[in-house]
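Peer 1: Predicted model follows, preceded by the sequence.
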Amino acid sequence: MSVTLLIEQLLNGVQLGTMLFLMASGLTLIFGVMGLINLAHGSFYMVGAYATAAVTASTGSFLIGLGAGITAAALVGALVELLVIRRLYHRPHLDQVLATFALILIFSEGTRWIFGSSPLWLSPPSWLTGFVTLPGGTRYPLYRLMLIGVGVSISIALYLLISRTRLGMRIRAGESDREMIGALGVNIARLYTVVFALGAALAGLAGALVGALQSVQVGMGEPVLILAFVVIVIGGIGSIKGALFGALLVGVVDTLGRVYLPIFFRAFMPPSEATGTGAALAAMLIYILMAVILAFKPKGLFSAHD
């Protein structure tokens, strides 16, 4: 267990955490402001990935594809809010779950109908390939390092948006008292559309960036959505700060667990059994972490107003 491996896996965990933050921040914003349980959030992740892959393949420019992916996710999110979600705000949570689950099926089958069942492949641009030598001699992929930088930049931008702008003031007020800001003349319907489109754009950005690390395929958003829900439960529902800390915690714990638990069990088990046992326990690790945190902090690490 070398120091180089530990540093590399810590960075991988941070990179996973920053991408989970992009998903979880949009999800927690939507729930905090609108009170909506949106199971279709992972579909916007998939839309961003597919749009980026398709436009990059046709134009040859990753940046144009990335812009197209973010725009497509935001536009699809706004359209979904206008046509479907707007009718669910005053319905029970069970109705919201059923309706947004139906949207998952619609998006999955629609994507399969447009692009086919075969995965698309998206490569990082040539200027982001290669490795960076970090202090201590560790070589780390430049593209993954860029993902960490993007995640950190988005977290700062979201903080400034929520705390320093008029839109952020309305979002914070919407989390506290929707009826009061409506009485003060704020267009609640427009605010909801903007918040939903913003959350969809963040999910689309995550999908577009991660699409260059794995295949772009139907259903790719659902596993990430499950992790995003774990993140917001750990961090605290409605809290952007909680989404950031929860995402980093989940990313690091999940990554280190998948690497080091099999190594740990090899110390006293046959290699084949150690690999299976370690992988099984690693898959449960973040849920064990969530249970432990909720036992001491039932509302998560942070409240919606932190």
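Peer 2: Nice, I can see it. Numbering: from 1, shown residues only.

Peer 1: switch to C-alpha atoms for all contacts and neighbour counts from now on
Peer 2: Fine.

Peer 1: ok, the nearest residue to Leu10 once chain neighbours are set aside - contacts?
Peer 2: Counting by C-alpha to C-alpha, 6 or more residues apart in numbering, Val252 is the residue found nearest to Leu10 once chain neighbours are left out, at 6.2 Å. By C-alpha atoms under 8 Å, 6 or more residues apart in numbering, the residues touching Val252 are Gln9, Leu10, Asn12, Gly13, Val14, Leu16, Gly17.

Peer 1: Against Ala279, how distant is Val252?
Peer 2: Separation of Val252 from Ala279 (C-alpha to C-alpha, to the nearest Å): 16 Å.

Peer 1: Thr100 too?
Peer 2: Counting by C-alpha to C-alpha, the gap from Thr100 to Ala279 is 32 Å.

Peer 1: repeat for Ser117
Peer 2: In this view, Ser117 and Ala279 are 29 Å apart by C-alpha to C-alpha.

Peer 1: ok, now Thr138?
Peer 2: Distance from Thr138 to Ala279, by C-alpha to C-alpha: 26 Å.

Peer 1: Could you verify my assumption that Leu27 touches His41?
Peer 2: Yes - counting by C-alpha atoms under 8 Å, His41 is a contact partner of Leu27 at 7.0 Å.

Peer 1: Comparing those two, which shows the higher neighbour count?
Peer 2: Ranked by neighbour count (other C-alpha atoms under 10 Å), Leu27 and His41 place Leu27 first, with 32 against 29.

Peer 1: can you pull the contacts of that one?
Peer 2: Shown in contact with Leu27 (C-alpha under 8 Å, 6+ apart): Asn38, His41, Gly199, Ala228.

Peer 1: redo that, cut-off 7 Å
Peer 2: Counting by C-alpha atoms under 7 Å, 6 or more residues apart in numbering, Leu27 touches His41, Gly199.

Peer 1: oh, and call the first residue 25 from now on, that's how I've got it
Peer 2: Sure, I'll start numbering at 25, so the last one becomes Leu51.

Peer 1: what's the pLDDT at it?
Peer 2: pLDDT for Leu51: 89.

Peer 1: same deal with Pro294?
Peer 2: Looking at Pro294, its pLDDT stands at 83.

Peer 1: where does it fall, phi/psi-wise?
Peer 2: The phi/psi pair for Pro294 (degrees, to the nearest 10) reads phi -60, psi 150.

Peer 1: for Val156, same thing?
Peer 2: Main-chain torsions, Val156, degrees, to the nearest 10: phi -120, psi 130.

Peer 1: Do you have the helices of the stretch 175-324 of the chain handy? List them.
Peer 2: Remark: helices assigned in the stretch 175-324 of the chain by DSSP state H, counting those that start in this stretch are 190-200, 202-207, 212-234, 245-259, 264-289, 295-320.

Peer 1: and the last one, what does it pack onto?
Peer 2: It stands for helix 295-320. The contact analysis (3 or more C-alpha pairs under 7 Å, 6 or more residues apart in numbering; DSSP states H and E) places helix 295-320 against helix 264-289.

Peer 1: Could you give me the buried positions within the helix it packs on?
Peer 2: Using 16 or more other C-alpha atoms under 10 Å as the test for burial, helix 264-289 gives 264-287, 289.

Peer 1: picking that back up, in a markdown table, list the contacts of Val276 along with secondary structure and neighbour count.
Peer 2: A markdown table is the format used below for these (DSSP: H, G, I helix; E, B strand; the rest coil; neighbours: other C-alpha atoms under 10 Å):
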| residue | secondary structure | neighbour count |
| --- | --- | --- |
| Gln33 | helix | 19 |
| Leu34 | helix | 17 |
| Asn36 | helix | 21 |
| Gly37 | helix | 22 |
| Val38 | helix | 25 |
| Leu40 | helix | 24 |
| Gly41 | helix | 30 |
